[in-house]
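Enquirer: Based on what follows, work out the 3D shape:
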Amino acid sequence: MNIYVLLKRTFDTEEKITISNGAIQEDGAEFIINPYDEYAVEEAIQIRDTHGGEVTVVTIGNEDSEKELRTALAMGADKAVLINVEDDIESADQFTTSTLLAKYLEDKDPSIILAGNVAIDGGTGQVGPRVAELLNIPYVTTITKLEISGTTAKIERDVEGDTEIIETSLPLLITAQQGLNEPRYPSLPGIMKAKKKPLDELELDDLDLEEDDVQAKTKTIEIYLPAKKEAGKVLSGDLQDQVKELVSLLRSEAKVI
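Expert: A predicted model of the protein is given here:
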């Protein structure tokens, strides 16, 4: 099976993030594999181990993204591809990313493509479905279970607090949700092997694309932290008095009634 994982390098949200002049400051920031993408990498490795084939992880970024690709290789992926368009494109959005990924994948005959449900930095959840649409293959999002038998996939996904069961055919794109599996940590032997595994770097020309073909359709005007919330109020006294005070506060302070 030809198994591909769409990977993204994201800020580590467990660490402090500094915003200045309407943008996140990357200097000194910690970066990791997008956590939802880790589920995708793990699932891809399990599929390969069960059904055979090869796992290739693909990301769009600059040379700094090699660290996250090597981490995925250390987890057990077979190959990595870095699409580096930093010198060709001034700004990118979900349209840019999905167009680049789909162009790379169009002649690779993928059996299954895996991605994270969302990226924790942008949270749009658009790239996976956009890639599937461009490749004209089925896709299922937010999955929590995947079983493959021949060219048929049986999938469970979260829907409004319940579970939906879907059957579809390969080739297929899925996006991984928490609960799909438990991602492994790279072992020391895995880290050593990762250094020798192939990591190819491609540029815009290698994909036979022009800058106009991937020009961003949206523009980020500003990024800012949410306003600090004031401490809540705890009401006391008889229940009737609490209800009266609550209604008064909703009218005078919250101004919602």
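Enquirer: Show me where the stretch 1-150 of the chain has its strands.
Expert: Using DSSP state E, counting those that start in this stretch, the strands of the stretch 1-150 of the chain run over 2-7, 9-11, 19-20, 23-24, 31-33, 54-60, 79-83, 112-116, 139-149.
Enquirer: Pull out the buried residues from the longest one.
Expert: Pointing back at strand 139-149 there. 139, 140, 141, 142, 143, 144, 146, 148 (16 or more other C-beta atoms under 10 Å). Where C-beta positions appear, they are placed from N, C-alpha and C, glycine not excepted.
Enquirer: picking that back up, out of the strands of the stretch 1-150 of the chain, which is the most enclosed?
Expert: strand 112-116 (a mean of 28; mean count of other C-beta atoms under 10 Å).
Enquirer: Throw the strands of the stretch 1-150 of the chain into JSON lines and include mean pLDDT and distance to residue 169, thanks.
Expert: Output for these, formatted as JSON lines (pLDDT from 0 to 100; distance: least, C-beta to C-beta, whole Å):
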{"stretch": "strand 2-7", "mean pLDDT": "98", "distance to residue 169": "15"}
{"stretch": "strand 9-11", "mean pLDDT": "89", "distance to residue 169": "32"}
{"stretch": "strand 19-20", "mean pLDDT": "76", "distance to residue 169": "45"}
{"stretch": "strand 23-24", "mean pLDDT": "72", "distance to residue 169": "41"}
{"stretch": "strand 31-33", "mean pLDDT": "92", "distance to residue 169": "29"}
{"stretch": "strand 54-60", "mean pLDDT": "97", "distance to residue 169": "21"}
{"stretch": "strand 79-83", "mean pLDDT": "97", "distance to residue 169": "25"}
{"stretch": "strand 112-116", "mean pLDDT": "97", "distance to residue 169": "11"}
{"stretch": "strand 139-149", "mean pLDDT": "96", "distance to residue 169": "10"}
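Enquirer: So for residue 96, which of the ones you listed sits nearest?
Expert: strand 54-60 (8.1 Å; C-beta to C-beta).
Enquirer: Might you quantify the distance of that closest one from its chain's geometric centre?
Expert: The chain centre lies 13 Å from the centre of strand 54-60; the measure is C-alpha atoms, centre = their mean, to the nearest Å.
Enquirer: what does that strand contact?
Expert: For strand 54-60, contacts defined as C-beta atoms under 8 Å, 6 or more residues apart in numbering pick out 1-9, 41, 44-45, 47-48, 65, 68-69, 72-73, 76-85, 92, 97, 100-101, 104-105.
Enquirer: And the helices in the stretch 51-200 of the chain?
Expert: 66-75, 94-105, 127-135, 188-194 (DSSP state H, counting those that start in this stretch).
Enquirer: Adding distance to residue 114, mean neighbour count and mean pLDDT, write these out as TSV.
Expert: Listed next are these as TSV, based on distance: least, C-beta to C-beta, whole Å; neighbours: other C-beta atoms under 10 Å; pLDDT from 0 to 100:
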stretch	distance to residue 114	mean neighbour count	mean pLDDT
helix 66-75	11	22	96
helix 94-105	12	21	96
helix 127-135	9	20	96
helix 188-194	19	13	94
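Enquirer: what's the closest of those to residue 163?
Expert: Residue 163 sits nearest to helix 127-135 of all the helices of the stretch 51-200 of the chain, at 19.9 Å, using C-beta to C-beta.
Enquirer: Please name every helix or strand in contact with the closest one.
Expert: The contact analysis (3 or more C-beta pairs under 8 Å, 6 or more residues apart in numbering; DSSP states H and E) places helix 127-135 against strand 2-7, helix 94-105, strand 112-116, strand 139-149, strand 172-176.
Enquirer: Since that was my last question, I'll sign off now.
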